[in-house]
Every structure is written in structure tokens, then in C-alpha cells.
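K.L.:
Sequence plus predicted model, see below.
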Amino acid sequence: MVYIIFAFFLFTRLIPYFFSSVPTGYDAGIYLNIFKLSSFVPDWLAGSYYTALFNVMAPFVKLFPDPSILLIPLQLCSAIFLFWCLNWAIKTTMNKEQRIFTLFLFSVSAIQFRMYWFYYVKNMFALGFVLLFLGALARKKYLAATLFCILVGLIHLPTFFILAAICGVEFLLHKNKRIIAGIFVLTLGITLLYNVPVFSITILPFFKPFLELNRIAQPFGKGDWGGTFYDLWPSIILMGVYIWIPVVSLLRLLRHRLPRNDMFFSTPFFSALIATSIIVLGQFFFFRRFIPAWDLFVVIAAGYSVKQILSMKYFYTALTALFILVFIFKTGMPLKTPADIAELRASRIPNKAYILSTSKEDTAWVMGYTDAQVIAWNFGGYSQLLTDAEWNAFYSAKTEGEYAAILNKLPNDIYVYISDKEKSLYPELIKMKKLHKLSGQMYRYEK
């Protein structure tokens with residue numbers, strides 16, 4: 001049955017690629033850009049992309065003249081890795097029925113699919129190692145737990161923050177305090193050491209919210225510092241097909257004072273659920289990017305409560321499977337078409353030239369599939385060529401003269417990328433006599 005569920009899980013992840021050869025999400029273009037740099041991560045990307053994953057990928061990148069061939073396999077590998085890590089982690093603390101139900105819920109989770117769709121590859125690999133860490137703790141394999149903990153720190157710092165919170169809760173709730181403290185202190189030291197070359201870029205920003213007390217947490221409020229993902233309430237709605245299961249189970253335990261016979265409360269997964277619930281429901285900084293981790297531990301908690309749906313298991317299985325398939329077909333297609341990518345590849349703009357990207361949605365793709373230097377607002381190494389006031393002036397411009405005043409401040413060899421989706425926003429820019437159309441979405445500006 002596990003293999004049948006895995007086949008369904010893999011099918012859901014392949015659906016977008018039945019219709020397109022373009023990776024989903026936004027980040028694939030950035031990965032490709034780093035691959036073209038022989039896995040070297042420039043300073044402006046180090047805050048989010050300084051990771052041992054690129055050190056591992058470097059030898060594979062050298063094997064392919066066109067590293068874009070690695071993008072989709074890497075994404076699929078991260079998803080498959082997370083699935084089997086979950087299976088191993090819960091194997092000794094769940095009976096077969098609970099484990100199968102947990103894997104099924106994981107497969108039909110819209111939040112987990114959306115993390116995959118966003119191309120959060122580092123996040124998925126790191127969450128896989130978090131699960132291995134928790135599984136090793138449950139087995140009392142402390143050497144293996146230490147290794148998995150270290151790998152989380154080397155692959156994805158935000159997920160390491162989650163792991164730190166889990167270790168904190170585990171330290172408070174259980175007797176193995178010295179072991180937990182030792183594992184975490186050793187991991188923290190190695191993680192900090194690995195980040196020494198970019199310490200001011202990768203580590204120090206994590207402390208800034210603590211210096212601004214009003215930004216540490218904002219329960220059920222709004223902020224612009226939560227990271228890129230669904231907001232809290234849309235996420236809870238999407239989790240609605242299973243989030244009620246552990247809630248009902250807990251209420252029954254409290255109402256009837258039933259014994260805690262499902263082992264969940266004594267496992268590290270309970271600590272993980274508490275830690276991620278505090279971070280997400282408290283809306284701590286970067287909380288949106290932690291929603292997939294919270295969802296993962298809600299799924300595990302629901303798995304322990306499989307008895308709640310046994311009376312309607314066939315109906316529930318069919319309904320949730322239909323839900324995820326509809327969700328994927330409605331929201332899971334790539335943002336770019338093969339024709340868009342082919343156009344970028346065919347543009348052959350010199351690597352010393354500059355391309356102004358007019359949309360945040362397009363920037364990563366332009367970076368990945370052209371060799372030119374990309375100018376984009378608040379993203380990339382060339383954003384500073386224009387001040388914030390000048391960027392605002394560009395995006396609010398209404399006349400050719402206003403656009404020309406901004407474009408003339410940029411380097412001489414300048415191109416402009418305006419996607420078909422964005423053209424209605426720039427009618428006067430497109431009409432400019434000095435802006436020459438090279439292809440469907442690429443233009444060259446002559447001063």
C-alpha cells in the first residue's frame with residue numbers, strides 16, 4: 001500500500017510536466033543562474049542561496065553543457081526524498097494503518113504541493129533531514145540524529161531555525177536534556193562556521209527582528225516580513241480537509257480524559273508540532289515560509305488520529321484525492337510557457353549587455369535563460385543603478401518622456417523585457433520610437 005500511495009504522490013508531482021517542460025514556481029531561474037556560475041553564489045544571493053546543496057550539485061552541473069536539464073529532476077528528487085524521509089521517520093512510532101494514512105494525507109496536502117510548486121528545493125531537502133533527525137531521536141540513534149541536524153544547518157538556515165525551536169521544546173518536555181543540548185550546540189557551531197564567509201549576509205539578518213520587538217511576532221496580524229507563501233488563513237482553509245482530525249481527537253481526549261495511547265505526545269513529533277504552531281500562529285518573522293513545516297507536523301498528528309475517519313474512510317479518501325487533483329489542475333501549471341523560454345534562449349543578448357526586467361515574476365527567468373546582466377527593482381546585483389525614487393518614477397510613468405528620463409540613466413547597451421502579461425501596463429513605453437522590438441517580449445532601447 002505504501003508503494004501505491006507513493007505512485008499517487010509521484011503522479012501529482014508530475015502533472016504540471018505532462019503539459020509543459022518548464023519548471024514551476026519562480027526560483028528555478030535563480031538555480032539555473034547559479035548553475036551557470038559553476039554553483040558560485042554571489043553576495044546578493046547569499047542571504048537565501050548560500051547552501052551546501054550547490055556544493056553537492058557542482059560536479060553534476062559540470063557534466064551537462066546545458067544545466068537547465070537538471071532543474072526538473074532536482075525538484076522531483078527533493079519531493080521524493082521528503083516522502084521517503086517521512087515514511088522512515090514515522091515507521092517505529094506508528095502502526096501500519098496510521099503510517100499509511102499519514103503518507104496519504106501528505107500526498108493530498110495542497111500546502112505540500114504548493115511548496116513543491118514554488119520550487120522550494122532547499123526547503124524540501126532540509127525538511128527531509130528534520131524528519132530524519134526526529135526519527136533518529138525516536139529510535140535513540142543520537143549519532144545519526146546529530147548528523148541529520150548538521151545537514152539541516154548546512155542546507156537551509158530558515159529550516160534550521162525551525163529545528164532550533166523544536167530542540168527547545170524537546171529540551172523542555174523530555175528527560176534527554178543533555179543529549180538535545182549537545183546535539184544543538186554542536187550543530188550550531190558547525191553551521192556558524194560554514195557561514196563565516198558570508199556571516200553578515202546570512203546570519204546577522206536573523207537577529208534583526210529581535211532588535212525590533214514589534215517585528216518578532218504579530219499574532220493574527222499583517223506584515224510584509226512573513227516570507228513568500230500563502231498567508232495564514234488561506235493556508236488553514238487549504239488544510240481544512242485534515243486539520244480537524246487531530247483537533248477532534250484532542251477534544252475527545254480532554255472531554256473524556258482518555259489515556260494517551262497513541263504515543264504521539266511522547267514522540268519528538270509532538271515537540272515539532274508545538275514549535276511550528278507557535279511560530280506560525282504567532283506569526284513570527286518569516287512565518288509564511290514555515291507554514292509547510294507546520295502543515296507537515298499537522299499531517300503527522302492527523303495520522304495518529306486515523307480512528308476518527310475509519311467509519312467513512314472510502315468516502316474521505318476519494319474526496320481528498322479529488323480535492324488535490326482539482327487543486328493541481330487549477331493552480332499547478334508553470335508560470336512560463338516553453339515558447340517564452342525558447343524566446344529568451346534565442347535572444348542571444350551579449351553577456352556584457354543589460355536587460356531591464358519590468359516584472360518581479362519575470363526576473364528569475366530572464367536571469368536564468370539569458371547571459372546578460374539583469375536590472376530589477378530590489379533584486380539582483382544591479383538594482384542600485386536606480387534609486388528607489390527612480391524605480392517608483394519608472395513604474396508610475398505615464399508618458400514617453402518620463403520613461404526616457406529613467407532609461408537614459410541606465411548603461412548604454414540596454415534591453416527591456418516586457419512579458420505578454422505585463423504589456424497592458426506599459427502602453428506608452430512600448431510606443432517609444434527609441435524602443436525597438438526584437439521579439440515578442442524583448443526590446444532594445446537606443447539612447
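P.N.:
Here it is on my side, so go on.
K.L.:
how far away is the closest residue to M442 other than its chain neighbours from K175?
P.N.:
Leaving aside its sequence neighbours, M442 sits nearest to S347 (Cβ to Cβ, 6 or more residues apart in numbering; 5.1 Å). In this view, the C-beta of every residue, glycine as well, is placed from N, C-alpha and C. With distances taken as Cβ to Cβ, to the nearest Å, S347 is found 62 Å from K175.
K.L.:
now G303
P.N.:
G303 is 25 Å from K175, by Cβ to Cβ.
K.L.:
More neighbours: which of those two?
P.N.:
Comparing G303 with K175 by neighbour count (other Cβ atoms under 10 Å), the higher total belongs to G303, at 28 against 7.
K.L.:
Return the set of buried residues in stretch 292-303.
P.N.:
Buried residues in stretch 292-303, counted by 16 or more other Cβ atoms under 10 Å: 292-303.
K.L.:
need the strands for this protein, in chain order.
P.N.:
Counting by DSSP state E, the segments of the chain that form strands are 354-357, 373-375, 414-417, 435-437, 442-445.
K.L.:
got the CA positions of the first one in PDB?
P.N.:
In this case it means strand 354-357. In PDB, the C-alpha atoms belonging to strand 354-357 read as follows (Å, rounded to 0.1, in the frame of the first residue of the first chain):
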ATOM      1  CA  TYR A 354      21.900  44.800 -19.500                       C
ATOM      2  CA  ILE A 355      18.200  43.700 -19.500                       C
ATOM      3  CA  LEU A 356      15.700  45.700 -17.600                       C
ATOM      4  CA  SER A 357      13.000  43.300 -16.200                       C
END
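K.L.:
now it, how far from the centre of its chain.
P.N.:
26 Å (Cα atoms, centre = their mean, to the nearest Å).
K.L.:
Show me what it is packed up against.
P.N.:
helix 360-369, strand 373-375, strand 414-417 (3 or more Cβ pairs under 8 Å, 6 or more residues apart in numbering; DSSP states H and E).
K.L.:
Can you add mean neighbour count and mean pLDDT and give those back as TSV?
P.N.:
Supplementary listing: the helices and strands packed on strand 354-357 in TSV, determined by neighbours: other Cβ atoms under 10 Å; pLDDT from 0 to 100:
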stretch	mean neighbour count	mean pLDDT
helix 360-369	23	92
strand 373-375	24	93
strand 414-417	25	95
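K.L.:
just to revisit the earlier point, where's the residue nearest to M442 relative to M263, distance?
P.N.:
Taking Cβ to Cβ, one finds S347 at 58 Å from M263.
K.L.:
Looking at the two, which is more packed in?
P.N.:
Between S347 and M263, counted using other Cβ under 10 Å, S347 has the larger neighbour count: 21 against 16.
K.L.:
Flag the shaky bits of this structure, pLDDT-wise.
P.N.:
Applying pLDDT under 70 to the chain flags the ranges 39, 206-227, 254-262, 308, 311.
K.L.:
tell me the domain boundaries of it?
P.N.:
Using automatic domain parsing, the domain ranges for the chain come out as 2-331, 338-445.
K.L.:
distance between the ends of the last one?
P.N.:
I take that to be domain 338-445. This stretch, domain 338-445, spans 26 Å end to end (Cα to Cα, to the nearest Å).
K.L.:
Can you tell me how far E400 is from D413?
P.N.:
In this structure, E400 and D413 are 21 Å apart, going by Cβ to Cβ.
K.L.:
number of nearby residues for V2?
P.N.:
Count around V2 with other Cβ under 10 Å applied: 15.
K.L.:
ditto for T320
P.N.:
T320 is flanked by 19 other residues according to other Cβ under 10 Å.
K.L.:
Please list all residues in contact with the residue nearest to it when sequence neighbours are not counted.
P.N.:
Nearest non-adjacent residue to T320, counting by Cβ to Cβ, 6+ apart: V108, 4.5 Å away. Listed by Cβ atoms under 8 Å, 6 or more residues apart in numbering, the contact set of V108 reads 241, 320-321, 323-324.
K.L.:
What of F129?
P.N.:
Under the criterion of Cβ under 8 Å, 6+ apart, the neighbours of F129 are 85, 148-149, 151-152, 155.
K.L.:
wait, doesn't Y194 sit right on A52?
P.N.:
Yes: at 7.2 Å, Y194 and A52 qualify as touching, with contact defined as Cβ atoms under 8 Å.
K.L.:
if I look at these two, which residues touch both of them?
P.N.:
In contact with both Y194 and A52: L154, using Cβ under 8 Å, 6+ apart.
K.L.:
Quick one: the helices in the stretch 301-447 of the chain, in order.
P.N.:
313-331, 338-347, 360-369, 388-396, 400-407, 427-431 (DSSP state H, counting those that start in this stretch).
K.L.:
Let me see the ranges of the helices in the stretch 101-250 of the chain.
P.N.:
Using DSSP H, counting those that start in this stretch, helices in the stretch 101-250 of the chain cover 110-117, 121-139, 142-155, 157-173, 177-194, 199-202, 208-211, 232-238, 240-256.
K.L.:
Select, out of those helices, the one closest to F104.
P.N.:
helix 240-256 (9.6 Å; Cβ to Cβ).
K.L.:
ok so, going back, any of the contacts of V108 buried? List them.
P.N.:
241, 320, 324.
K.L.:
ok, the residue nearest to M442 to L32 distance?
P.N.:
S347 is 15 Å from L32, by Cβ to Cβ.
K.L.:
got a list of what the nearest residue to A301 once chain neighbours are set aside touches?
P.N.:
Nearest residue to A301 in three dimensions, chain neighbours excluded: P246, at 3.9 Å (Cβ to Cβ, 6+ apart). Going by Cβ under 8 Å, 6+ apart, P246 touches 298, 301-302, 304-305.
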